[in-house]
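Student: no sequence on hand, only this structure:
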């Protein structure tokens, strides 16, 4: 279930491909073992030269058998993508594969007829064109990535990394994804619903919002409210909300809620603490409250999440 194939078709762009290689193609077995079984394939052997150190295959046969297929950005979106990759994607979908488009790779999936009735994103500069050409698709240009299983799509450039980490988080858990993000020196988690671009620059380190976020994540065990955050930042609640939405695409309350859930995920994965204790350590108060919010956000109960990801963590080698 961990086989991942990156398809380098004619017109594919290498920046997005390199992101996928860095996340899935480099052996991060120290974080989770086994890591992904990664292959690059392309219609022509020459297309594989830039990734010679990664296992590669000429032709798209691996696309038809992989658990996850990654389609990097498409350079010439005014032209139909090559028929060979379109046909391979249709076969992969018929078999039940998870298919990931990075940036304008969504045009390739759309051309294959796979996204009708689906929600998808792409780079904001090309979202209108995608929506006009494929009116049966719901194009959301306001988000970083969309997970409409089995199809996942990202906006441009940095959002490709956000989606890749989201996939790792889905497969291996928050703790592994956060550790990988630290090794790659990228933000550990930007929610898919965050805006692709912000209306005001993100505040630099040391300014009110950065300091406030850092302080809040260090005090999640306390019953913090939006008023508490506003007081700490010396702002009105209305002004704080404007800053949060402009910077993160989220309200202060939603951001705080997500931080509590993410902390709960890590504690479920890495400790034997009871759900009641984790509820207190994350500021949720009671086990019932944690279970309700966790299930609404993650989609499973805390105990189910722990069984799933603790079982995977138990397979990792002892770092000693």
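Tutor: That came through, no problem. Small disclaimer: the values here were computed from a predicted structure and weren't measured. Numbers count the residues shown, from 1 in each chain.
Student: where does pLDDT dip in the stretch 51-200 of the chain?
Tutor: Scanning the stretch 51-200 of the chain with the threshold set as pLDDT under 70 gives 51-54, 187-200.
Student: now do the residue located most distally from the centre of the chain against residue 256, distance only.
Tutor: Computed with CA atoms, centre = their mean, the residue of the chain farthest from its C-alpha average is residue 234, at 33.0 Å. Note on residue 234: its distance to residue 256, by CB to CB, to the nearest Å, is 18 Å. Yep, even glycine has a C-beta here, placed from its N, CA and C like the rest.
Student: now the strands for the stretch 51-200 of the chain?
Tutor: 56-58, 68-71, 98-101, 119-120, 138-139, 145-148, 151-154 (DSSP state E, counting those that start in this stretch).
Student: tell me the contacts of residue 97?
Tutor: For residue 97, the contacting residues are 63, 66, 67, 68, 69, 150, by CB atoms under 8 Å, 6 or more residues apart in numbering.
Student: surely residue 286 meets residue 276?
Tutor: Yes. Using CB atoms under 8 Å, residue 286 is in contact with residue 276, at 7.2 Å.
Student: how about residues contacting the longest helix along the chain?
Tutor: Using DSSP state H, we find that the single longest helix of the chain is helix 252-270. Here helix 252-270 makes contact (CB under 8 Å, 6+ apart) with 173-175, 178, 189, 191, 213, 216-217, 220, 224, 226, 229-230, 237, 240-241, 244, 248, 250, 273, 278-279, 281-284, 290, 293-294, 297-298, 302, 305-306, 309-310, 313.
Student: what's residue 61 in contact with, if anything?
Tutor: Applying CB under 8 Å, 6+ apart, the residues contacting residue 61 are residue 41.
Student: from residue 68, how far out is it?
Tutor: 16 Å.
Student: and if you look at residue 139?
Tutor: Distance from residue 139 to residue 68, by CB to CB: 23 Å.
Student: thinking residue 235 is in contact with residue 243, fair?
Tutor: Yes. Counting by CB under 8 Å, residue 235 touches residue 243, with 7.2 Å between them.
Student: now do the buried residues in the longest helix of the chain.
Tutor: 252, 255-269 (16 or more other CB atoms under 10 Å).
Student: please apply the same query to stretch 118-132.
Tutor: 118, 120, 121, 122, 123, 124, 126, 127, 130, 131.
Student: residues contacting the residue nearest to the second one when sequence neighbours are not counted?
Tutor: Distances taken as CB to CB, 6 or more residues apart in numbering put residue 153 closest to residue 120, at 4.5 Å, once the chain neighbours are dropped. Residue 153 sits next to 100, 101, 102, 105, 106, 109, 120, 121, 122, 145, 146, 163 when contact means CB under 8 Å, 6+ apart.
Student: and which of the residues you listed is nearest to residue 28?
Tutor: Within those, distances to residue 28 taken as CB to CB reach their minimum at residue 163, with 16.8 Å.
Student: how many residues are close by the closest one?
Tutor: Here the number of neighbours of residue 163 (other CB atoms under 10 Å) works out to 28.
Student: that one against residue 152, yeah?
Tutor: Yes. Between residue 163 and residue 152 there is a contact at 6.1 Å, judged by CB under 8 Å.
Student: anything in contact with each of those two?
Tutor: Joint contacts of residue 163 and residue 152 (CB under 8 Å, 6+ apart) are 100, 145.
Student: contact partners for residue 251?
Tutor: 241, 244, 245.
Student: of those residues, which is the nearest to residue 12?
Tutor: residue 245 (34.9 Å).
Student: so whichever strand or helix holds that closest one versus helix 252-270, what angle?
Tutor: With secondary structure defined by DSSP states H and E, residue 245 is part of helix 237-248. Helix 237-248 runs at 60 degrees relative to helix 252-270, counting by axes from the mean of the first three to the mean of the last three CA atoms, to 10 degrees.
Student: counting contacts, what elements does helix 237-248 pack onto?
Tutor: helix 208-217, helix 226-233, helix 252-270 (3 or more CB pairs under 8 Å, 6 or more residues apart in numbering; DSSP states H and E).
Student: make CSV out of the ones you listed and add distance to residue 9 and mean pLDDT.
Tutor: Formatted as CSV, those follow (distance: least, CB to CB, whole Å; pLDDT from 0 to 100):
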stretch, distance to residue 9, mean pLDDT
helix 208-217, 40, 85
helix 226-233, 47, 92
helix 252-270, 36, 89
